[in-house]
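Visitor: sharing a model that was predicted from the sequence below.
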Amino acid sequence: SSRSWTTVAPMPSTGVLAASLFVAGKGPPGGRWYPMLVTLGTGDVLAMSGHPGHGDLRHNHHIPERYSTSPAPFGTWRLLGPPDPQYEILGEPKVYPRLHLLPNGLVFCSTPLGSVSQSQLIDPSNGARHGAGQHPPDPINVGTFFSQDGTSVLLPLLPSASYRPHVLLCGGQQTVLMDLQPLLDDPNARRVWTPTSPRHLKVAPPRLPSANPPRFHLNSVLLPTGDVMICGGCSVFRKDFNAVLESELYHPSLDGSPDGWQTLPAGRVVRNYHSVALLMPDGRVWTAGSTHDGGFGHANAEPRIEILNPPYIGADRPGLGPIPATITLKQTFIVDVIGAKSIIRVAILRTASVTHSFSSDQRYVGLEFKASDSQLTITAPPDHNIAPPGPYLMFIIDNQGLPSEGRFVLLV
């Protein structure tokens with residue numbers, strides 16, 4: 001509320017490996033450049049990867065690090081170890097690893113790190129981790145240096161499916177999916193990536209010479225319907241000439257329905273490297289950023305903002321009455337809704353923070369509810385590992401698949 005910044009506790013030294021990995025006189029160790037952060041169920045933040053200080057010869061600092069807001073006001077950082085040499089190789093950088101908090105409190109990293117050529121499961125309490133899924137089958141699908149060019153999405157967590165988690169990888173010609181429920185039952189379970197149903201993006205020469213092209217630097221946005229809107233990107237690495245202007249909708253298999261893809265009309269603005277996309281409270285998608293052919297400097301920057309409309313915009317959508325400003329776990333509250341018995345789902349979507357084609361905090365959580373003629377009795381999420389504390393947008397969805405506009409709510 002004061003619109004001011006507070007300097008919090010500094011990150012600890014990265015000097016936990018052999019002295020040969022450090023160069024004397026190159027500045028203090030510590031820090032992370034190009035890291036990924038994910039909020040945990042406790043409200044703590046897990047930091048992974050990123051280039052360390054100038055004195056460190058590693059490309060990435062793959063030792064997990066955890067920030068706690070306690071003690072106030074500066075909090076504390078804690079390195080999670082002991083370090084494992086197989087994650088600390090001096091190979092090519094894999095920046096911005098794709099992290100997802102699972103309903104059991106563990107963190108799934110779809111990006112292979114170090115010499116481990118699999119997706120991984122990380123225990124944020126002590127840093128323990130191991131391979132948990134095969135290597136993504138397409139390099140843009142979060143598998144190599146191009147991990148920053150593809151995206152990873154935690155699909156909707158619904159009470160009707162006992163909050164069973166699935167992760168979608170997009171960016172390559174073939175999108176793939178992994179069911180993570182076996183990892184909740186047995187952290188040593190080995191999972192495989194399976195193809196989704198076929199995409200339907202057509203040829204658009206000369207911009208798109210082939211159907212269903214890869215999308216370098218795409219963005220993904222979870223919509224209130226539970227669909228995933230894929231937008232932006234280029235079919236050739238950082239080439240504006242080969243921009244993918246059409247958005248695609250991925251319809252996950254929810255409540256027993258088959259999955260599928262839908263192509264939407266082309267947008268106007270090329271979205272390349274450093275572009276972003278976010279869900280707006282009214283359900284539209286806000287897109288911004290990009291640099292011409294991936295170049296640097298103000299002259300290459302894209303200043304225009306474009307608003308993309310999902311298919312439900314303009315329809316006769318349900319109306320959500322006032323909701324509490326703050327809710328707690330398992331809290332029951334009543335909301336006025338005209339035609340409440342037509343509502344088939346209530347969901348909260350965590351407000352996102354996107355960079356380099358990924359939003360680690362993007363999250364869709366369905367809520368249990370009961371309907372009368374004009375009211376919904378809604379129950380807040382049962383666990384913070386399912387819905388971490390913080391700000392969300394609440395939506396209702398009717399039996400025509402149309403969502404209301406969203407209302408902000410703080411889960412504490």
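Guide: Cool, got the structure. Numbering: from 1, shown residues only.

Visitor: so P182: helix, strand or coil?
Guide: helix (DSSP: H, G, I helix; E, B strand; the rest coil).

Visitor: from I386, how far out is it?
Guide: Counting by C-beta to C-beta, to the nearest Å, the gap from P182 to I386 is 18 Å. C-betas here are computed from N, CA, C, even on glycine.

Visitor: test my guess that P310 contacts H251.
Guide: No: counting by C-beta atoms under 8 Å, P310 does not reach H251; the two are 11.8 Å apart.

Visitor: find residues that contact each of the two.
Guide: Common contacts of P310 and H251, defined by C-beta atoms under 8 Å, 6 or more residues apart in numbering, comprise D227.

Visitor: where do the helices of the protein begin and end?
Guide: Counting by DSSP state H, one finds helices in the chain at the ranges 181-185.

Visitor: show me how far the worst-scoring helix or strand of the chain on mean pLDDT is from its chain's centre.
Guide: When the helices and strands of the chain are compared on mean pLDDT, DSSP states H and E, strand 129-133 comes out lowest with a mean of 85. Computed by C-alpha atoms, centre = their mean, to the nearest Å, the chain-centroid distance of strand 129-133 equals 19 Å.

Visitor: so what does it touch, helix or strand wise?
Guide: Counting contacts by 3 or more C-beta pairs under 8 Å, 6 or more residues apart in numbering; DSSP states H and E, strand 129-133 packs against strand 119-122.

Visitor: what's the strand it packs on packed up against?
Guide: strand 107-109, strand 129-133.

Visitor: what average pLDDT does that strand get?
Guide: Averaging pLDDT along strand 119-122 yields 91.

Visitor: quick one: low-confidence parts of the stretch 201-350 of the chain?
Guide: For the stretch 201-350 of the chain, no stretch has pLDDT under 70.

Visitor: follow-up on the earlier one: so which of the helices and strands packed on strand 119-122 is the most surrounded?
Guide: strand 107-109 (a mean of 24; mean count of other C-beta atoms under 10 Å).

Visitor: off-centre distance for that one?
Guide: That offset, for strand 107-109, works out to 11 Å (C-alpha atoms, centre = their mean).

Visitor: again, but for stretch 379-398
Guide: That offset, for stretch 379-398, works out to 16 Å (C-alpha atoms, centre = their mean).

Visitor: repeat that for stretch 260-271.
Guide: The mean C-alpha position of stretch 260-271 is separated from the chain mean by 20 Å, C-alpha atoms, centre = their mean.

Visitor: so P182 and I386 - more neighbours on which side?
Guide: Between P182 and I386, I386 has the larger neighbour count (other C-beta atoms under 10 Å), namely 21 against 15.

Visitor: pretty sure that one is touching L158, no?
Guide: No: assessed by C-beta under 8 Å, I386 is found out of contact with L158, at 10.4 Å.

Visitor: separation between R238 and L168?
Guide: R238 sits at a distance of 23 Å from L168 (criterion: C-beta to C-beta).

Visitor: in terms of neighbours, single out the busier of these two.
Guide: Counted by other C-beta under 10 Å, R238 and L168 do not tie: L168 has more neighbours, with 23 against 16.

Visitor: what's the neighbour count on the nearest residue to that one once chain neighbours are set aside?
Guide: In space, and not counting its chain neighbours, L168 is closest to V153: 4.5 Å by C-beta to C-beta, 6 or more residues apart in numbering. Using other C-beta under 10 Å, V153 has 27 other residues around it.

Visitor: just the pLDDT for V153.
Guide: What the model reports for V153 is a pLDDT of 96.

Visitor: which residues are in contact with it?
Guide: Residues near V153 by C-beta under 8 Å, 6+ apart: V167, L168, L169, C170, S220, L222, V228, Q362.

Visitor: how much space separates it from S257?
Guide: According to C-beta to C-beta, V153 and S257 sit 18 Å apart.

Visitor: per-residue confidence at V95?
Guide: Among the per-residue scores, V95 shows a pLDDT of 81.

Visitor: which ones are touching it?
Guide: By C-beta under 8 Å, 6+ apart, the neighbours of V95 are Y34, P35, S49, G50, H51, N60, S147, Q148, H356.
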